[in-house]
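**Student:** fold the following, please.
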Amino acid sequence: MVEAGFPDSTSGSWQGIFVPAGTSKDIVTSLNRETNVVLQMGDVKDKLSAQGIEPLGGTPEAVSAIIRNEVAKWARVIKEGGITPE
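**Tutor:** I've put the predicted structure just below:
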């Protein structure tokens, strides 16, 4: 990416759990809370770590911020790189 003119670009992958738009805040909060609990369980952490996965957990708001940042970053790469779908 540096050679292509994007010296500050970083790339990685991440995974998240998503629900349909309009899901009640109570359900989202409950799912988030329980997911964070599971991600802190020793055996779960060990199994994920063995696969090279670093479980972080977090809040729905943090995931929304990540998505906004990723969309903006890759939109810039696409636009400045002149990338078009084939």
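
**Student:** these two touch, right, residue 14 and residue 69?
**Tutor:** No: under the criterion of Cβ atoms under 8 Å, residue 14 makes no contact with residue 69, lying 11.4 Å away. For glycine as for every other residue, the C-beta is placed from the backbone atoms N, C-alpha and C.

**Student:** for the host helix or strand of residue 73, list every residue counted as buried.
**Tutor:** Assigned by DSSP states H and E, residue 73 belongs to helix 60-81. Across helix 60-81, burial judged by 16 or more other Cβ atoms under 10 Å covers 60, 77.

**Student:** report all helices and strands that that helix contacts.
**Tutor:** helix 25-39 (3 or more Cβ pairs under 8 Å, 6 or more residues apart in numbering; DSSP states H and E).

**Student:** try 7 Å this time
**Tutor:** Contacts defined by 3 or more Cβ pairs under 7 Å, 6 or more residues apart in numbering; DSSP states H and E place helix 60-81 against no helix or strand at all.

**Student:** show residues contacting that helix.
**Tutor:** Contacting residues not belonging to helix 60-81 are listed as 4, 6, 16, 28, 32 [Cβ atoms under 7 Å, 6 or more residues apart in numbering].

**Student:** would you reformat these as CSV and include neighbour count and distance to residue 55?
**Tutor:** Listed next are the contacts of helix 60-81 as CSV, based on neighbours: other Cβ atoms under 10 Å; distance: Cβ to Cβ, whole Å:
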residue, neighbour count, distance to residue 55
4, 10, 32
6, 15, 29
16, 12, 11
28, 14, 19
32, 19, 14
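
**Student:** greatest separation within the residues you listed: which pair is it?
**Tutor:** The span of the contacts of helix 60-81, defined through Cβ to Cβ, is set by 4 and 28 at 37.9 Å.
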